[in-house]
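S.K.: Any chance you could fold what I've pasted below:
(2 chains)
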Amino acid sequence: MNNKQFLTELSGKCKLSSEQTERQVQALIGVMENLWHEGDSVSLSGFGVLEVKKKNERVSVNPTTGVRMLVPPKLVLTYKPSSILKEKLK
Amino acid sequence: MDRKINLSQLADLLSQAGGISKTASEQFVKNFFDIISQNVLSDGLVKVKGLGTFKVLQMEDRESVNVNTGERFIIEGHQKISFSPDPELKDRINKPFSAFETVEITAEQAEEISKAGSQSESTSDSDESDNTDLNPVAIEPEKTDEKENDDEKEAIEKKSPEVNDVTQKKSVRVLLKILVWLLSISLAIVLGVYLLWPVLGNTILGIVERDITDSRKTEVVADSTGSAVAPVRETSPVKPAEPVTKPAEPVTKPAEPVSKPAEPAVESAGKSETSPQKPQTPAGNAAAKDETPVNPYRFQLNKADEAKDLSEFTAADTVNYTMDGDMTVHVLQSGETITVLALKYYGSKKLWPYIVKYNNISNANTLRPGAKIRIPVLRSK
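M.R.: Presented below is the predicted three-dimensional model:
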């Protein structure tokens, strides 16, 4: 399902025009991004948790060339599905 | 900070930001995530522009080992939901750390880091276990390497061939083995020098000082006479930095520029004759020092660097000077090494890492005669 299909379905469910839907989606993502920047996590029952995690720096070795690289620390947005959703997947 | 935002709080914030009623925004947020979770189950893929992609991944059966008992067991294949954030969002999230870049490091540094990081690694285990599925390739080689290291040490101590049989299962491991060999040898050398330093240090330092004062004298002599032959001048920048090694080296070297007319040192000598009024320009190379008593490219190494053994210098030591354009291009001759070039152009073997870094040489031991090496101009920071 691509972005277009997603927007169409969302606008149908919320009874909004496609432009309104698109604006709202951007607003929602913007709100969540601000929360992530502050270090908060977004947790929704039945869906899961979206939060920012810090990955430590590490040394990685290219197995074919043996070149060692120092990979810097980084902040990554992670998603952990809720147990309900995982259960449905089985 | 570290709050857990639930549906109603998120809807609250959205209604403030979007200027819509609270009930409408709550309904919207609910639908938003419902659609994602439903369709990721039915379609296996949901793409939301600006947020990212949710995807169902099929995980194969894999074997694992119980850490406590050492028992092998099979993790059955299962499906899992992965999420990869939109690249733009990813960059914005990582903005606080965006200044860092992945850098290439040497084996010695890797070992230091792994030693220093071993404590922090154990504390951040929970983080990494979450992460293992995402980048198993990146983490595992490091671990096998550490294991190899232990194996290797045993092999050296006992000199038992059985250990080799075990380690030579995969070609990758063989590669790692060679690396570890080199590492342990270099460590042994460093250790040996470190132990012998108190004995040798004083005598060597004495020689260095005497050599430097000697060379200053010869420079002054060359200045006053003015028109010495170029090859003879060449020896003066070479000499002071040759405190430890045998005198045979500096004697053979000055002969090279003469026999090979393409040699940049000779060119520079010609240049300096045509433009003697500009002794500070890069054209000054080695010959410029004859016009001015101070050679711009011979460095007074700082004391910390002076005290260090040559073998302790690595590519990461390129911090005290900035590289500022090409001084010249050197065509590598048979028998020359990067350290010899450093000695020739800068007057110190210890500055070799700059040449390596400037030319992006990944392995200085595999250079062939005829290779063109660019020599950077160094300036103090």
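S.K.: export stretch B:56-72 as CSV, just CAs?
M.R.: Output of stretch B:56-72 as CSV, limited to C-alpha atoms (Å, rounded to 0.1, in the frame of the first residue of the first chain):
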residue,chain,number,x,y,z
VAL,B,56,6.3,-7.5,7.1
LEU,B,57,9.5,-9.5,6.9
GLN,B,58,9.7,-13.3,6.8
MET,B,59,12.5,-14.5,9.1
GLU,B,60,14.0,-17.9,8.3
ASP,B,61,14.8,-20.6,10.8
ARG,B,62,18.1,-20.0,12.5
GLU,B,63,20.2,-21.8,15.0
SER,B,64,21.1,-20.2,18.2
VAL,B,65,23.0,-21.1,21.4
ASN,B,66,21.7,-20.7,24.9
VAL,B,67,24.2,-18.4,26.6
ASN,B,68,23.9,-20.1,30.0
THR,B,69,23.9,-23.8,29.1
GLY,B,70,25.6,-23.7,25.8
GLU,B,71,22.8,-25.8,24.3
ARG,B,72,22.0,-25.3,20.6
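S.K.: any idea of the mean pLDDT in it?
M.R.: For stretch B:56-72, mean pLDDT rounds to 86.
S.K.: In it, which residues are buried?
M.R.: By neighbour count on 16 or more other C-beta atoms under 10 Å in any protein chain shown, the buried set for stretch B:56-72 is B:V56. From N, CA and C alone the C-beta is placed, and that goes for glycine too.
S.K.: what's next to that stretch, contact-wise?
M.R.: Stretch B:56-72 has contacts (C-beta atoms under 8 Å, 6 or more residues apart in numbering or on different chains) with A:89, B:40-41, B:44-45, B:73-82, B:133.
S.K.: Go again with 6 Å.
M.R.: With C-beta atoms under 6 Å, 6 or more residues apart in numbering or on different chains as the contact definition, stretch B:56-72 has outside contacts at B:G44, B:I74, B:I75, B:E76, B:G77, B:H78, B:Q79, B:K80, B:I81, B:S82.
S.K.: Columns distance to chain A and secondary structure on top of those, output as JSON lines?
M.R.: Converted to JSON lines, the contacts of stretch B:56-72 look like this (distance: C-beta to the nearest C-beta, whole Å; DSSP: H, G, I helix; E, B strand; the rest coil):
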{"residue": "B:G44", "distance to chain A": "9", "secondary structure": "coil"}
{"residue": "B:I74", "distance to chain A": "17", "secondary structure": "strand"}
{"residue": "B:I75", "distance to chain A": "15", "secondary structure": "strand"}
{"residue": "B:E76", "distance to chain A": "11", "secondary structure": "coil"}
{"residue": "B:G77", "distance to chain A": "12", "secondary structure": "coil"}
{"residue": "B:H78", "distance to chain A": "8", "secondary structure": "strand"}
{"residue": "B:Q79", "distance to chain A": "5", "secondary structure": "strand"}
{"residue": "B:K80", "distance to chain A": "8", "secondary structure": "strand"}
{"residue": "B:I81", "distance to chain A": "5", "secondary structure": "strand"}
{"residue": "B:S82", "distance to chain A": "8", "secondary structure": "strand"}
